[in-house]
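**Q** Dropping the sequence and predicted coords here.
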Amino acid sequence: MNEVYLLPRRKLESVVARMVERNLIYIPVVNEGKAHFRRFRPGEPSEWALEKIRPVEPLKQFFMKFKEVVARPGASFDKSSSSQVIIGAKACDLRAIDVYDKVFSEGEFSDPFYRERREKTILISADCPEPEETCFCTLVGIQPYPMNGFDLNLSTVSKGYLVEVGSEKGIDLIKSMPTLFQPASSEDLKERDEKRASATRTLKGINSRELDPQLPKKISDQTDLKFWSREATNCVECCACLHICPTCYCFLLYDQPHDGESERVRVWDACYYAAYARVGGGANPRPEFVQRFRNRFLCKYSYFYHYQGFLACSGCGRCISGCTAKIDIREVLWRA
Amino acid sequence: MEGVNPYQPLTAKIAHIVDETPTIKTFVVQPRPLDFQAGQFVEVTVFGVGEAPFTPSSSAYDKEKLELTIMKVGRVTSALFNLKKGDSIGLRGPYGKPYPLEKFKGKEIFIVGGGVGFAPLRSLFLTLLHDAQDYKKIYVRYGARTPQELVYRRYIDDWNARDKVDILLTVDVGDSSWEGRVGVVTVILDDIPVKVKESPTVVCGPPIMMKFVTQRLLESGFPGSNIYLSMESNMSCGLGMCNHCRVGELYACKDGPVLTWEQIKDVDEPFV
């Protein structure tokens, strides 16, 4: 079992203040009722939102920027990234990092920019005591509190934060500030566990129906385009669901001239766009939107599962919150 | 950045350019900038324009040069066609899986090409020819719309004169100079000279040709696991990351670009 310490509430600010000397720090703050990751700058007042559900923005922005130069064809190219600390990531967002690790780090080829950012990132996650209507992490095998994949994890209790150590980086952090952390008591742990159980119960209430245990097969076997067409009826193809999805990782490479040279840009892409899979001569394997709609479900709930053994969905519900057509992905999965 | 940057191409020089047909050119890159095995592909960059995937058309054993036979179809290929001898291009790769030549050994190999689809097959053919002692016989069936659109006509007679080689050409529409066969490539499949149960057959051509040739091969008794098909797909990164090239569950870039019919038979529309 991992070591757990108690950090008095006000001392979190001291921890952040110590870390900001060497790192960029991102922490959720509330804006118009929702949590957003914001860069922490000393002296700027802001209300941290560690208890709210996952921030609006997915974590992928910290590992793969929306748009960035990745090469200079015909010239030389190198770049490095800064050390960063991400505070307040939820269990669903840690699942997304598992997805990126598989794709960008553990395949035959790996992405040097991703690997460097991953190495230079400290992840201080947090429990998710107040799930909302869009949350369904428990349907995809995640609990509303992180169990692994973090350096430190924070659980809010009445005396402050319980800090669970999840990695060597986490141990080093605690050791670097020994006076701030105290041993956690069994009462503290009991309080944490009760809050966690309560959050899980809330999620059970929100999602009364489980997903089919054979979901990958069910999705790949659903070949009736009439079904997918019905589900896609209201979709306006804005792609918000895909860009805001933490486990969507598709990107496009394109070249452009820059100062007399050539630069290669990587930008997030989305499989709903009509030209997504189009080839050089103009032929398109998925010309109809219904094919692209179905492809998203195949990719997340069937293909990825077959390659990696887990779903490329974290149950974060961002796609539900972000959908202008009010499509609820859970309902599509239940009906499939 | 940690380690090798797989997005960064190396720079190579076009030693000369051969006009194959009005819309197809062979770009000879020399010295050969990278190794590859038959069936693998490379990403070719036109600086400031972009990149596109191509399977080389030269032998994997040719250490001197790398040849790319390319048809002008889109933005990147149009820019390539504007390049001159001596110009530089970028190259990344090789990517993808080579032909499983171990499985081809001792067998009759049946190669079917259409149009510019013969380009990657030439690489395979020359690679097989280099080790001709390892194979029983190499059959090539190649068709194009017109005699002018057949690539590599200058080599065909020499190849056909070699031991263990049997090449037949056909065109959809002949002309006064054409003395060969006339008819779409499936017509020369009426007479299949190989043992269908055990001979690997390799197909590359335009989608419609791939579709009908595959159908004909299956009807003739070739098992789907022995029909090797070059898949056209949007291979943007080539690294198995960007996801654009998915053919059903598989990645054209890392599982292919050559996939067997057995691997893709459940995909809705494999030939696009």
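**A** Received, thanks. Residues are numbered from 1 along each chain as shown, chains lettered A, B, ... in the order given.

**Q** list the helices and strands the helix or strand where B:Leu128 lies packs on?
**A** Assigned by DSSP states H and E, B:Leu128 belongs to helix B:118-130. Applying 3 or more Cβ pairs under 8 Å, 6 or more residues apart in numbering or on different chains; DSSP states H and E, we find helix B:118-130 packed against strand B:66-71, helix B:101-104, strand B:108-114, strand B:137-144, strand B:201-204. For glycine as for every other residue, the C-beta is placed from the backbone atoms N, C-alpha and C.

**Q** Mind doing that once more with 6 Å?
**A** With contacts taken as 3 or more Cβ pairs under 6 Å, 6 or more residues apart in numbering or on different chains; DSSP states H and E, helix B:118-130 sits against no other helix or strand.

**Q** distance of B:Lys164 from A:Ala312?
**A** From B:Lys164 across to A:Ala312, the span is 49 Å (Cβ to Cβ, to the nearest Å).

**Q** And these two? Which one has more around it.
**A** Ranked by neighbour count (other Cβ atoms under 10 Å in any protein chain shown), B:Lys164 and A:Ala312 place A:Ala312 first, with 25 against 15.

**Q** If you drop the residues flanking it in sequence, what lies closest to that one?
**A** Distance criterion Cβ to Cβ, 6 or more residues apart in numbering or on different chains; nearest residue to A:Ala312, sequence neighbours excluded, is A:Phe304 at 3.7 Å.

**Q** Torsion angles phi and psi at that neighbour?
**A** phi -60, psi -40 (degrees, to the nearest 10).

**Q** follow-up on the earlier one: and the helix holding B:Leu128, how far from the chain's centre?
**A** Offset of helix B:118-130 from its chain centre (Cα atoms, centre = their mean, to the nearest Å): 8 Å.

**Q** Next: stretch B:173-193.
**A** With Cα atoms, centre = their mean, you get 20 Å for stretch B:173-193.

**Q** again with stretch A:63-72
**A** 18 Å.

**Q** average pLDDT for it?
**A** Averaged over stretch A:63-72, pLDDT sits at 96.

**Q** does that stretch come close to chain B?
**A** Yes - counting by Cβ under 6 Å from any Cβ of the partner chain, chain B is contacted by stretch A:63-72 at A:Val70, A:Ala71.

**Q** Buried residues in that stretch, which are they?
**A** A:Phe63, A:Met64, A:Lys65, A:Val70, A:Ala71, A:Arg72 (16 or more other Cβ atoms under 10 Å in any protein chain shown).

**Q** quick one on the thing from earlier: any idea how many residues pack against the residue nearest to A:Ala312?
**A** 23.

**Q** still on that earlier bit, tell me which residues in the helix holding B:Leu128 are buried?
**A** B:Phe118, B:Ala119, B:Pro120, B:Leu121, B:Arg122, B:Ser123, B:Leu124, B:Phe125, B:Leu126, B:Thr127, B:Leu128, B:Leu129.

**Q** hey, C-alpha coordinates of it in CSV?
**A** What follows is helix B:118-130, C-alpha atoms only, in CSV (Å, rounded to 0.1, in the frame of the first residue of the first chain):
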residue,chain,number,x,y,z
PHE,B,118,2.9,-1.9,-61.1
ALA,B,119,5.4,0.4,-59.5
PRO,B,120,5.6,-1.3,-56.1
LEU,B,121,5.2,-4.6,-57.7
ARG,B,122,8.4,-4.0,-59.8
SER,B,123,10.2,-3.6,-56.5
LEU,B,124,8.9,-7.0,-55.4
PHE,B,125,9.5,-8.5,-58.8
LEU,B,126,13.2,-7.4,-58.9
THR,B,127,13.7,-8.5,-55.4
LEU,B,128,12.3,-11.9,-56.2
LEU,B,129,14.4,-12.1,-59.4
HIS,B,130,17.6,-11.4,-57.5
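
**Q** was I right about B:Gln37 contacting B:Ala60?
**A** Yes - here B:Gln37 reaches B:Ala60: they are 5.3 Å apart, a contact under Cβ atoms under 6 Å.

**Q** Close to chain B: what parts of chain A are there?
**A** Counting by Cβ under 6 Å from any Cβ, chain A sits next to chain B at A:70-71, A:73-74, A:77-79, A:103, A:107, A:109, A:112, A:115-116, A:250-251, A:253, A:255, A:257, A:262, A:264, A:277, A:279-281, A:283, A:285, A:303, A:306.

**Q** Helices of the stretch 101-250 of chain B, start to end?
**A** Along the stretch 101-250 of chain B, the segments classed as helices by DSSP state H, counting those that start in this stretch run B:101-104, B:118-130, B:153-161, B:207-220.

**Q** Which strand runs longest in chain B?
**A** Longest strand in chain B by number of residues (criterion: DSSP state E): strand B:10-21.

**Q** Give me the sheet partners of it and which way each runs.
**A** Note on strand B:10-21: by DSSP bridges, its sheet partners are strand B:24-29 (antiparallel), strand B:88-95 (antiparallel).

**Q** And the contacts of it?
**A** A:74, B:25-30, B:33, B:85, B:87-89, B:91, B:148-149, B:151 (Cβ atoms under 6 Å, 6 or more residues apart in numbering or on different chains).

**Q** swap in stretch B:174-193?
**A** B:Gly114, B:Tyr139, B:Arg141, B:Gly143, B:Pro147, B:Leu168, B:Leu169, B:Thr170, B:Asp172, B:Phe212, B:Arg216, B:Ser220.

**Q** average model confidence for it?
**A** In the prediction, stretch B:174-193 has an average pLDDT of 87.

**Q** Only alpha carbons, please: show the host helix or strand of A:Arg117 as PDB.
**A** Assigned by DSSP H and E, A:Arg117 belongs to helix A:112-119. Below are the C-alpha coordinates for helix A:112-119, written out as PDB (Å, rounded to 0.1, in the frame of the first residue of the first chain):
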ATOM      1  CA  PRO A 112      10.000  12.500 -28.700                       C
ATOM      2  CA  PHE A 113       8.000  15.600 -27.700                       C
ATOM      3  CA  TYR A 114       5.400  13.500 -25.800                       C
ATOM      4  CA  ARG A 115       8.000  11.500 -24.100                       C
ATOM      5  CA  GLU A 116       9.900  14.600 -22.900                       C
ATOM      6  CA  ARG A 117       6.800  16.300 -21.700                       C
ATOM      7  CA  ARG A 118       5.700  13.200 -19.900                       C
ATOM      8  CA  GLU A 119       9.100  12.800 -18.200                       C
END
